[in-house]
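**Student:** compute the structure for the input listed below.
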Amino acid sequence: MLWIWEASAPGAAASGVCGDVGQARFAAAEWMRANGADAALLEQVRLAISAGSLMPHHERTGTVLRARRYSNGRIRWRRATANQAA
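**Tutor:** Reported below is the predicted structural model:
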């Protein structure tokens with residue numbers, strides 16, 4: 001399983017792929033603090049290969065976390081529904 005993350009701030013955006021949820025939370029939180037982003041999204045995915053083309057792609061597992069950064073710099077993570085990741 002892999003974790004993908006994305007965050008955006010005025011004039012900037014970033015995303016990444018990590019091997020575990022701890023790495024993904026750390027990477028997203030560091031980017032949020034450095035760039036003034038107020039929110040981020042993490043989603044657990046599995047790497048799959050398309051049968052027809054043999055091209056790799058990510059399949060959603062339905063596990064999603066949303067982050068919110070508060071004015072004191074604290075970041076809180078909460079589970080979200082897969083629909084909120086779309």
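**Student:** and stretch 39-59, what's buried?
**Tutor:** Under the neighbour-count criterion of 16 or more other CB atoms under 10 Å, stretch 39-59 has Ala40, Leu41, Leu42, Glu43, Gln44, Val45 buried. All C-beta atoms are positioned from the backbone trio N, CA, C, and that covers glycine.
**Student:** let me see the mean pLDDT of it.
**Tutor:** Averaging pLDDT along stretch 39-59 gives 91.
**Student:** which outside residues touch that stretch?
**Tutor:** 1-7, 21, 24-25, 28-29, 31-32, 60-69, 77, 80, 82, 85 (CB atoms under 8 Å, 6 or more residues apart in numbering).
**Student:** whichever of these end up buried, select them in PyMOL.
**Tutor:** In PyMOL, this line selects whichever of the contacts of stretch 39-59 come out buried by 16+ other CB under 10 Å:
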select buried, resi 3+4+5+6+7+21+24+25+28+29+31+32+63+64+65+66+67+69+80+85
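**Student:** next step: the contacts of stretch 39-59 restricted to helices.
**Tutor:** Val21, Ala24, Arg25, Ala28, Ala29, Trp31, Met32 (DSSP state H).
**Student:** what sits opposite the residue nearest to the fifth one when sequence neighbours are not counted in the beta ladder?
**Tutor:** Taking CB to CB, 6 or more residues apart in numbering, and ignoring the residues beside it in sequence, Ala29 has Ile75 as its nearest neighbour in space, at 4.9 Å. Each beta-bridge partner of Ile75 is listed here, defined by DSSP bridges: Arg69.
**Student:** if we can go back for a sec, secondary structure and distance to Pro56 for the buried residues of stretch 39-59 - can I get that in JSON lines?
**Tutor:** Conversion of the buried residues of stretch 39-59 to JSON lines gives the following (DSSP: H, G, I helix; E, B strand; the rest coil; distance: CB to CB, whole Å):
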{"residue": "Ala40", "secondary structure": "strand", "distance to Pro56": "24"}
{"residue": "Leu41", "secondary structure": "strand", "distance to Pro56": "21"}
{"residue": "Leu42", "secondary structure": "strand", "distance to Pro56": "20"}
{"residue": "Glu43", "secondary structure": "strand", "distance to Pro56": "17"}
{"residue": "Gln44", "secondary structure": "strand", "distance to Pro56": "17"}
{"residue": "Val45", "secondary structure": "strand", "distance to Pro56": "11"}
